[in-house]
Each structure stands twice: as C-alpha cells, then as structure tokens.
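Asks: the following block contains a protein sequence and its predicted model.
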Amino acid sequence: MCKFFIKATVLSLLFLELGCSTPFKESTGQVDPGTHLSAIQEAQDGEFLPLKTITLPFEHKSTVEQSLENRMEEIELLVPARPSDGWEVDLGINLLQQKAEKLGLTLENAVALTLSNNLDIQIATLTPGISEQDVIEAEAAFDFVFGASLNSQKTKKPQQQVIVGGVATSTSESSANILDGGASISTLLTGGGSLTISTDVTRTNNQSPGTQLTPNPAWQTIGTLDFTQPLLRNFGETVTLAQIRLKEISHNQNKEDLQETLNVSITSTERAYLELALQWKVLQVKNWLLEQGEQVVNILDLRRSYDTGEADYAQAVATVQQRKADVITQQARVQESSDTLKNLINSEEYSLHSETVIQPIGVIEASPIILSPRQAIMTALENRPDIKKLLLSIKAESIQVDVADNARMPKLDMQAQMAFYGLGGSAGDGYQEVFDTDFINYLAGLSFEVPLGNRAAEAGYTSARLQKMRAIATYKKGIQNATVEVKKYVRNVLTNAELIHANRAYRLAQTENLRALSVEEETMAGLSPTFLNLKLQTQSGLANARIAEFTSIINYNKSIVDLYKSMGTTLVVHQIDLE
C-alpha cells in the first residue's frame, strides 16, 4: 500500500509540475505602461505647451472700474439682482395652474442625490458586478470536478456447451449478478493539460449452474492516473489563461465605463444646477426691468394731459408689455430648468412629478482655479476612462496575438496513463492488491497533426496583429481627441474669465449711465417723454449687461466643470472613491 501512495504521489506531482506553475496569478488590472508612456512621449517630443500656470478669475480692475471707484457703493445699489436680494422672485403659474412653490437645494446636495439615485449610475454600477461573475466563471474551468457512477446488472443467457469425449465441460447457460461502481476527480491544468485520478470496482457473482469460480463473488478493482498534455499548440498559461485574462480586461473596462458614467452624471448635474441658477437670476433681472418700466409708464400716464404724446405713451406701454411677455417666458424657463435637474437627481424629495421648483442656494461667483494647460493635458492622459479603456484594448489584442501565434504551431499531444489492478473476495482485498502495485499497466503515447500550408492559423495570426495595430492607432487617436478636448475647455475657461472681466465693466458702465440719468432726472424742471423713453432704453441696457455678466460667470463655472470631466478628475474633485 505504501508503494502505491509513493508512486501515485510522485506521478501526480510530476504531472502538476509539467502542467502548471500557478493556477491564477493575481491580476493587477493594470495596462502595459510601455505602450502608455511611449504614446505620451510622442506628444512630449513634439511641440508641446510650456509649463505655465494661470490663476483665475482675473483680479485686475478695468479702466471703467478704476474711473468709477469713488462712486462704486452708489452704483452697486442700482444693480438688479444683487447678492443681498437672494433668490426672491415670482415664479409664475405651474402646470396645475397654481402659484409655483420653491424648495431650496445646494450644489453639494444635488451631486450627492445624483450619486445615490441617478438611474444611469444605477445601471452602470451593475455592469462591473456582472463582468466580475464572468471572470469567476472563466476561472471555474480549472476547478476540480468530481464524478461517480453506479450500475447494477443481472444476466441469464443460454450458451453453447463444450463437449470433450462426449462429456460436457460447460453449462448450457450463464448467469451472473454484476455491480459496477466508479469515482473520479479531474482538473484542467494551466499548462494546457488535464489530470484525472479515478477508480473502478466491479463485483461479479457468477451463478451459472455446474460451474465454480474463485473467488466468487469476485471484486475487480482498478486505480488509474490519466495525464494529457499538449506540447506545442495550446501549451502554456499564455493560451490556457487567455480567456480569464480577457474577462479581467473586460471587467476593468466596465469599471472605467462606470467611472465615465459617474463623471458624465456629476458633470451634467453641476451644469444643470448652474443653468438653473442662471435662469433664476435672469428672471430676477427681467422682473426688475418690468418694474422699472411700469414706473415710467405710470409717470407718462400722469403727463398725458399736457406734454406726453399718444405715440410716446403707446411706445412705453408696448415696451412694458414686451417685458411682461419676457418675464412669463423666463418663468417657464426656470421651471423647465428645474425639471432638468430633478431628472438627474431622481429624488423623492425633489420629485419630477412635483411642480415644486428647485431654488439654488448660495451666491453666484466665479470659482477660483490655478490652471496649467500642459498639466491639464498630461493629467487627462493619465486619468481619462476612455484612454484607460483604449490601453486595456491594446492589452487584450496583445493576448489575442499570443494565442494566434501559438495556434500556428503543429499539434503534438502527449498522453500518459498508469493503471493498478486488483482482485479479491471483497472490495478490501481487491484494493489491497491495487495498493500492493503488483499488477501495473502503463500507457504512453504521442499524437501529431499539422495542416498542410497552415493557412487558417497564419491568417488568424496576421488578423490578430492587424487588430493590435488598429488598437494602438485608435489609442493614439484617442490621445489626440483628448488633447483637443482639454485644450477646448481650457480655452473656454480663459475666454469666459476674460468675459467676466469685460461684462463686469460693461455692467458698471451701464449702471453709471442709469445713475447719471437719475441725477439728471432729479435736477430737471420737467421730464420730457423723450427723456423717459431714453430711461427705458438705459434700463434695458443695464438689464442686458447684468444678464451678460451672470452668463459669463455661469459659463466660466461650467467650463471648469467640463474641464474636470475632460481631465477625468471629476471624482477626485468631489472626493469620491470608487473602491
């Protein structure tokens, strides 16, 4: 029995050593850094942006602001939609033909609600879990498999008799009860082979009349070690673990898809919130403009009897009615912007089915940022999910090339088998002979096969190499697209920062214009219709300037949000860890 265990153990270890080194190497999920760095190096070797930082928003004062510095406090009191006014404004009538109600929400809470409830994020979150199970399923191909069988057979058959010298030496019938059972355990090896350890036991009880066998019943026992191993084609972990590695790559790509969905959803929420804030402020400005116009019309109405012509009065009334229409239109835009944000955050408190309008909380101001165009591009190349996915695609195609290269080799398979036999009056006696290893059968063989011309394998290998070349070219194209996108948003940030500066000067100049008219109005002996119409125009100019100022601030903040997304750092900015 000891000899059996020694031989079986040595043989099994030998087969395992030949068949594999380690079943599953810990996958890092990382891409080949060589391909990544080489592509980035190509960008660095070219004419790249210098390393320069820019602090935004710009703090220097315009010439208009410098010239009005002594009257700044007085000017700011004339500005519509001041920070001190908050968000108070009439929202009009909702879809239920009721006065629209409001409910406050901060930007931070909007992002948090999006992370918790957004349906796109919920869908994307499930995908990596599915692909993780695909990896486990692929790994399960190397699990041990246990098998067992049991059969019972009873036979009673007539048969020819052997007669020697007129004397029958055998019976006219054969009868036996046979019980056959077996068990096996097998596994695929990461080297490409397979190992099976099995045993079979057969109990035969011969009941033929006139015959006597020994032992009876007889227990035939067999212990078998089977090993198969490809030596050329399909040999090695490169081939056998290819599907696992490909599933791992697909799983990592799905994780990058999740990060991209999070980036897009958070960015969309921030943009929707900023847009809603802009529409609220525009509504405040237009509502102020309407109130100012109504004051002018009231004055003209009082003067109709002595110095206001019908044309002047009608012109003022038409202007006010146009402003009323603008307010109604803007109220609808605010409610529509609120619904857009509700759709993204998908919260019961801010239900899309409710007619409550979301009110932003806080002050509209330009977000500070220290910007380096070159650093932004390099950060994007390191962090963008789409770039990482393209790198993973290159790795997947590299695996396919290795598999296709292996498939070009001839097929040379080895088979080895060792069987130990035993026979006794009981199962124990039978297995005792097996363990004594007195009856050993050996089998060893090789099989060889090679297609003449090998065209299919060569074509598959060429195709795999071409697909890898395409993946590399697609990756380089992705770097170019990322560079263009980052530069676009960097430019947008800088442009809108300049516009903030310019529109603030524009708004100050328009406010000074209105202030000058107000001073002139206080000193004039009489207000002419022409002067009042000029006041209406000046009010419109100030309102447009204020809206332009708010728009440039909002667009500046949107550009920063878009820049973070294009750099792949949205989650970092919000301190969100996927792990």
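Replies: That came through fine.
Asks: pLDDT weak spots in the chain?
Replies: Applying pLDDT under 70 to the chain picks out residues 1-51, 166, 168-170, 210, 523-527.
Asks: so where do the strands sit in it?
Replies: 54-56, 102-105, 145-158, 163-164, 167-168, 173-188, 194-206, 218-230, 357-360, 369-371, 411-424, 440-449 (DSSP state E).
Asks: the fourth one packs against which elements?
Replies: Using 3 or more C-beta pairs under 8 Å, 6 or more residues apart in numbering; DSSP states H and E as the contact criterion, no secondary-structure element is in contact with strand 163-164. C-beta here means a position set from N, CA and C on the backbone, and glycine is covered the same way.
Asks: do the longest one as well
Replies: Using 3+ C-beta pairs under 8 Å, 6+ apart as the contact criterion, the neighbours of strand 173-188 among helices and strands are strand 145-158, strand 194-206.
Asks: and the longest one, what's buried?
Replies: Using 16 or more other C-beta atoms under 10 Å as the test for burial, strand 145-158 gives no buried residues.
Asks: need the helices and strands packed on strand 173-188 in JSON lines (columns: distance to S398).
Replies: Formatted as JSON lines, these follow (distance: least, C-beta to C-beta, whole Å):
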{"stretch": "strand 145-158", "distance to S398": "31"}
{"stretch": "strand 194-206", "distance to S398": "27"}
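Asks: nearest approach to A272 belongs to which of these?
Replies: strand 145-158 (54.2 Å; C-beta to C-beta).
Asks: closest to Q259 out of the strands of the chain?
Replies: strand 369-371 (22.1 Å).
Asks: can you list the strands that the closest one pairs with?
Replies: Here strand 369-371 is paired, per DSSP bridges, with strand 54-56 (antiparallel).
Asks: which one is S447 nearest to, not counting chain neighbours?
Replies: Closest residue in space to S447, ignoring its immediate chain neighbours: D413 at 4.9 Å, by C-beta to C-beta, 6 or more residues apart in numbering.
Asks: list the contacts for the residue nearest to T221 when sequence neighbours are not counted?
Replies: The spatially closest residue to T221, leaving aside those adjacent along the chain, is G430, at 3.5 Å (C-beta to C-beta, 6+ apart). Shown in contact with G430 (C-beta atoms under 8 Å, 6 or more residues apart in numbering): V201, W219, Q220, T221, G422, L423, G424.
Asks: count the neighbours of the second one for me.
Replies: Burial of W219, expressed as a neighbour count using other C-beta atoms under 10 Å, amounts to 21.
Asks: only the buried residues of stretch 176-183, if you could.
Replies: Going by 16+ other C-beta under 10 Å, stretch 176-183 has these buried residues: A176, I178, L179, G182.
Asks: stretch 132-145 now?
Replies: Result for stretch 132-145 [16+ other C-beta under 10 Å]: buried residues D134, V135, A138, E139, F142.
Asks: before we move on, what about stretch 221-233?
Replies: Within stretch 221-233, the residues that count as buried by 16+ other C-beta under 10 Å are 221-233.
Asks: same list, those, but as JSON lines with distance to Q331 please.
Replies: Output for those, formatted as JSON lines (distance: C-beta to C-beta, whole Å):
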{"residue": "T221", "distance to Q331": "91"}
{"residue": "I222", "distance to Q331": "89"}
{"residue": "G223", "distance to Q331": "88"}
{"residue": "T224", "distance to Q331": "85"}
{"residue": "L225", "distance to Q331": "84"}
{"residue": "D226", "distance to Q331": "81"}
{"residue": "F227", "distance to Q331": "81"}
{"residue": "T228", "distance to Q331": "78"}
{"residue": "Q229", "distance to Q331": "78"}
{"residue": "P230", "distance to Q331": "75"}
{"residue": "L231", "distance to Q331": "79"}
{"residue": "L232", "distance to Q331": "77"}
{"residue": "R233", "distance to Q331": "73"}
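Asks: so which of the contacts of G430 comes closest to N481?
Replies: Each of those was scored against N481 by C-beta to C-beta, and V201 proved nearest at 67.8 Å.
Asks: against V145, how distant is the closest one?
Replies: V201 is 20 Å from V145, where distance means C-beta to C-beta, to the nearest Å.
Asks: how about M469?
Replies: Taking C-beta to C-beta as the criterion, M469 is separated from V145 by 40 Å.
Asks: repeat that for R374.
Replies: 57 Å.
Asks: with E521 instead?
Replies: 96 Å.
Asks: so K468 is in contact with Q400, correct?
Replies: Yes. Contact criterion C-beta atoms under 8 Å: K468 and Q400 qualify, at 7.4 Å.
Asks: report the set of residues contacting both of these two.
Replies: With C-beta under 8 Å, 6+ apart, K468 and Q400 have no common neighbours.
Asks: is it correct that S566 is in contact with Y489?
Replies: Yes. Between S566 and Y489 there is a contact under C-beta under 8 Å: 5.1 Å.
Asks: with neighbour numbers in mind, choose between the two.
Replies: S566 (25 against 21).
Asks: now for the more buried one: which residues touch it?
Replies: Applying C-beta under 8 Å, 6+ apart, the residues near S566 are A380, R384, A482, E485, V486, K488, Y489.
Asks: how about D339?
Replies: L352.
Asks: same question, L508
Replies: Counted by C-beta under 8 Å, 6+ apart, L508 has contacts S62, V64, E65, L68, I75.
Asks: now the two most distant members of the contacts of S566.
Replies: Spatially, the most separated pair among those is R384 and K488, at 14.1 Å (C-beta to C-beta).
Asks: higher neighbour count, those two?
Replies: Per other C-beta under 10 Å, whichever of R384 and K488 has more neighbours is R384, with 26 against 14.
Asks: I'd say that one and A482 touch.
Replies: Yes. Here R384 reaches A482: they are 5.6 Å apart, a contact under C-beta under 8 Å.
Asks: what's the closest non-adjacent residue to Q400?
Replies: Using C-beta to C-beta, 6+ apart, the closest residue to Q400 is A464 (4.7 Å).
Asks: so the one you found sits against E397, correct?
Replies: Yes. Using C-beta under 8 Å, A464 is in contact with E397, at 7.0 Å.
Asks: which phi and psi does the residue nearest to E458 when sequence neighbours are not counted have?
Replies: Leaving aside its chain neighbours, E458 sits nearest to R408 (6.2 Å; criterion: C-beta to C-beta, 6+ apart). Taking degrees, to the nearest 10, you get phi -80, psi -20 for the backbone angles of R408.
Asks: could you report the separation of R408 from Q229?
Replies: 19 Å.
Asks: next: R203.
Replies: Where Q229 is concerned, R203 sits at a distance of 35 Å (C-beta to C-beta).
Asks: that older thread, for E355, which of the helices and strands packed on strand 173-188 is the nearest?
Replies: Comparing these against E355 with C-beta to C-beta, the closest turns out to be strand 145-158 (62.0 Å).
Asks: which outside residues touch the closest one?
Replies: Residues beyond strand 145-158 that count as contacts (C-beta under 8 Å, 6+ apart) turn out to be 172-187, 198.
Asks: let's see it at 6 Å
Replies: 173-186 (C-beta atoms under 6 Å, 6 or more residues apart in numbering).
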